[in-house]
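Asks: I'll drop the sequence and a predicted model, then ask my questions.
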Amino acid sequence: MASAHNGMRLTLKIWRQPSPQAAGRLQTYEMRDVSPDVSFLEMLDQLNEQLIAQGEEPVAFDHDCREGICGMCGVMINGQAHGPQNQTTTCQLHMRSFHDGDVILIEPFRADAFPVIKDLVVNRSAFDRIIQSGGFVSVNTGSAPEGNAIPVPRHMQEKAMDAAACIGCGACVASCKNASAMLFTSAKVSQMAYLPQGKAERSQRVLSMVAKMDEEGFGACTNTGECEAACPAGIQLSNIAVMNREYMRALLTSHE
Amino acid sequence: MATGSVENNSSWLKKLNLTWVTRLFTSSIGRKMVMGATGLGLCGFLVVHLAGNLFLYKGREAYDGYAHALHEQEWLPLAEAGLFALFLLHIYLAFVTTWENRRARSKSYVMRESKRQDRVIAAPVGSPSNWMFVSGAVVLGFLILHIIDMKLQLRPDVQHYAEHESFANAIAVLSNPVSQVVYCLGTVFLGFHLSHGFSSAFQSLGLNHPKYTPTIKVVGLIFAVVVAAGFFLLPIIVPMSPGLVEQAKQVEVSIDEAPAATAHP
Ligand code: HEM
Ligand code: FES
């Protein structure tokens, strides 16, 4: 157990918003004895215990796996999606990335397509609707085939796996000056375009996923590269080029 | 399902099936492709235009020779219309996409910080990619003055010559202080615009590969610097070259004293 006076003192400025319609504002909290070994979410847990003990409403924040794979936990920390560390989710960020006496500003991911539900929790179901519009394979591929029956060259497997690493956290949207969802959408588009099972529906997929993405009110890519830097899963900008290519191919070769 | 036997007014339109064109101009990705393609087209124009302008340094005969040869080409109106279309498309889409992108986040953050580790310009104002609309708008302002100066010759404070005196007219405009300031400013912003725009256009067109993307980025930066410097130096060096200014002055003499020309040897 951490001794009483070894921890860090922190000043937290947290966005509090009781409901989707409420105005919301930043509220300041002082914390002491924060161990550098706890994760960012555990630090928020500690704050919430403190708030509950004082009879105040705890800060609402999203989380689930706390091991960097579910994509639920994104918040803006000092203006950066998932905080200062590259390729790291908020739940995997540890307080040793901060210093004694730091002021930490915590805001929800902001995009009109991601409305705030409460405090730091936003509604990211626009992402689900983009996936529903085409981010799957609907051709019947039969029961699970023998692993080596469908020949996929190793470098294609690697590319598809890299794209499939997206956890759908929304950091790309949050960090983009245009609140664009292109990194997210392109990860799914290129993952499937690389694999034989996905090829049959590639044109229809990219056309409808992009149409959905636009309809949900996300902005367009201006190749600023902030999404790539903020992505905890290391999804690369080249996926967006693949999606652009897929889109051009669909415009020129499909009947739609 | 409607079959071929069903006749209606829009059947020929349906046969044409222009959804791909509509998608090109209404979807986020389609628009970006058109922006990229028109942007690169404009880059091509810049190269040709700068190359032509370099004749200024060779003097009146060379420059007028080039200008007259160009103006005699029958395809010139076609090329000008094409160039105008490129600009219109590029500027129209710049406004549309910028508007849509602003709308995508109506409530802004209290604090923003880049997570990129490879920033060349790590200024708090961000990189050129954050300022494309602003740099483009400044370039547009410069272009409007440039058209008024050179093509329409409407500036009351610039002494214009007969229309075919291309060299003398160019020197007159480039010696005007207002034009000098605006042109230099405009070209610096053009350089910023291109330092992101050139390589960005390739990405928008789907051309990104570890094999050539690093090269494109370097070429884009060199292109931006060379083109911006090339245009930037014109309104500085040309008016400061006594030889060139003298040649332009001779044009003035020959016009003003044309009736009395016999009095001179
Ligand atoms: C000689 C003039 C110009 C040239 C050579 C030029 C070139 C380019 C290029 C190559 C791009 C990259 C396209 C892409 O990312 O796909 C671009 C983007 C852009 N341009 Fe221009 N441009 C010019 C004038 C203008 C003007 C007059 C405006 C008016 C406001 C403008 C506004 C924009 C905007 C908003 C973008 C998009 C920025 C982004 O996606 O990050 N440009 N331009
Ligand atoms: S809580 Fe699952 S990724 Fe952070």
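Replies: Cool, the structure landed. Ligands and ions are numbered 1, 2, ... in the order given.
Asks: Just to be sure, A:Arg32 is in a helix?
Replies: No - counting by DSSP: H, G, I helix; E, B strand; the rest coil, A:Arg32 falls outside a helix, being strand.
Asks: Wait, it touches A:Thr11, no?
Replies: No - at 10.5 Å, A:Arg32 and A:Thr11 do not qualify as touching, with contact defined as C-beta atoms under 8 Å. Using the backbone N, CA and C atoms, a C-beta is placed for each residue, glycine as well.
Asks: residues in contact with the residue nearest the centre of chain B?
Replies: By C-alpha atoms, centre = their mean, chain B has its centre lying nearest to B:Leu42, at 5.7 Å. Residues in contact with B:Leu42, defined by C-beta atoms under 8 Å, 6 or more residues apart in numbering or on different chains, are B:86-87, B:90.
Asks: Check the secondary structure at it for me.
Replies: Relying on three-state DSSP, one would call B:Leu42 helix.
Asks: Now do it against ligand 1, distance only.
Replies: As defined by C-beta to the nearest ligand atom, to the nearest Å, B:Leu42 lies at a distance of 3 Å from ligand 1.
Asks: Would you check how far apart that residue and B:Asn53 are?
Replies: 16 Å (C-beta to C-beta, to the nearest Å).
Asks: Same question for A:Ser133.
Replies: 50 Å.
Asks: Comparing these two, which shows the higher neighbour count?
Replies: The residue with more neighbours, out of A:Ser133 and B:Asn53, is A:Ser133; 20 against 17, by other C-beta atoms under 10 Å in any protein chain shown.
Asks: Skipping its backbone neighbours, what lies nearest that one in space?
Replies: Spatial nearest neighbour of A:Ser133, chain neighbours left out: A:Lys212 (3.8 Å); criterion: C-beta to C-beta, 6 or more residues apart in numbering or on different chains.
Asks: For the one you found, give its distance to ligand 2.
Replies: Spatial separation of A:Lys212 from ligand 2 under the definition C-beta to the nearest ligand atom is 24 Å.
Asks: what does A:Ala113 give?
Replies: Going from A:Ala113 to ligand 2 by C-beta to the nearest ligand atom gives 20 Å.
Asks: For residue 163, the count of nearby residues, please.
Replies: I'll assume chain A. With other C-beta under 10 Å as criterion, A:Ala163 counts 24.
Asks: I was after chain B.
Replies: Neighbours of B:Glu163 under the rule other C-beta under 10 Å: 9.
Asks: Quick one: residues contacting it.
Replies: Residues in contact with B:Glu163 (C-beta under 8 Å, 6+ apart) are B:Gln153.
Asks: Can you give me the pLDDT of it?
Replies: For B:Glu163, the pLDDT comes out at 80.
Asks: helix/strand/coil for it?
Replies: Three-state call for B:Glu163 (three-state DSSP): coil.
Asks: Distance check, the residue of the stretch 151-256 of chain A at minimum distance from ligand 2 against A:Phe114.
Replies: The stretch 151-256 of chain A approaches ligand 2 most closely through A:Ile167 (6.1 Å), counting by C-beta to the nearest ligand atom. Spatial separation of A:Ile167 from A:Phe114 under the definition C-beta to C-beta is 15 Å.
Asks: Same check on A:Asp102?
Replies: Taking C-beta to C-beta as the measure, A:Asp102 falls 27 Å from A:Phe114.
Asks: and if you look at A:Cys65?
Replies: 20 Å.
Asks: returning to that earlier point: so A:Asp102 and A:Phe114 - more neighbours on which side?
Replies: Taking other C-beta under 10 Å, A:Asp102 and A:Phe114 do not tie; A:Phe114 has more neighbours (25 against 15).
Asks: Leaving out sequence neighbours, find the closest residue to that one.
Replies: Using C-beta to C-beta, 6+ apart and skipping residues adjacent in sequence, the residue nearest A:Phe114 is A:Val122, 4.3 Å away.
Asks: check contacts around the one you found.
Replies: The neighbours of A:Val122, taking C-beta under 8 Å, 6+ apart as the test, are A:62, A:108-110, A:114-116, A:170.
Asks: Go through these and give me the one with the most neighbours.
Replies: A:Pro108 (27 neighbours).
Asks: Report the separation between that one and A:Asp119.
Replies: From A:Pro108 across to A:Asp119, the span is 7 Å (C-beta to C-beta).
Asks: for B:Leu152, same thing?
Replies: B:Leu152 sits 59 Å away from A:Asp119 when distances are taken as C-beta to C-beta.
Asks: got it, and A:Gln27?
Replies: Per C-beta to C-beta, A:Gln27 is found 10 Å from A:Asp119.
Asks: hey, what's in contact with both of the two?
Replies: Joint contacts of A:Gln27 and A:Asp119 (C-beta under 8 Å, 6+ apart) are A:14-16.
Asks: So which of those are in strands?
Replies: Secondary structure defined by DSSP state E assigns A:14-16 of the shared contacts of A:Gln27 and A:Asp119 to strands.
Asks: Just give me the closest of the residues you listed to ligand 1.
Replies: Closest approach to ligand 1 among these (C-beta to the nearest ligand atom): A:Trp15, at 28.6 Å.
Asks: Count the residues that sit near the closest one.
Replies: A:Trp15 sits with 21 neighbouring residues when counted by other C-beta under 10 Å.
Asks: same question, B:Gly59
Replies: For B:Gly59, the number of neighbouring residues by other C-beta under 10 Å comes to 16.
Asks: That one contacts B:Val245, correct?
Replies: No - counting by C-beta under 8 Å, B:Gly59 sits too far from B:Val245 to count as a contact (11.1 Å).
Asks: since we're on A:Ala187, how many residues are nearby?
Replies: By other C-beta under 10 Å, the residues close to A:Ala187 number 27.
Asks: Grab the nearest non-local neighbour of it.
Replies: Residue nearest to A:Ala187 in three dimensions, not counting chain neighbours: A:Cys166, with 3.9 Å by C-beta to C-beta, 6+ apart.
Asks: Next one: the one you found from B:Ser195, what distance?
Replies: From A:Cys166 across to B:Ser195, the span is 30 Å (C-beta to C-beta).
Asks: On the three-state scheme, the closest residue to ligand 1 within the stretch 51-200 of chain A is what?
Replies: Closest contact between the stretch 51-200 of chain A and ligand 1, by C-beta to the nearest ligand atom, is at A:Asn178 (8.8 Å). Of the three states, A:Asn178 takes coil under three-state DSSP.
Asks: Many thanks, I have nothing further to ask.
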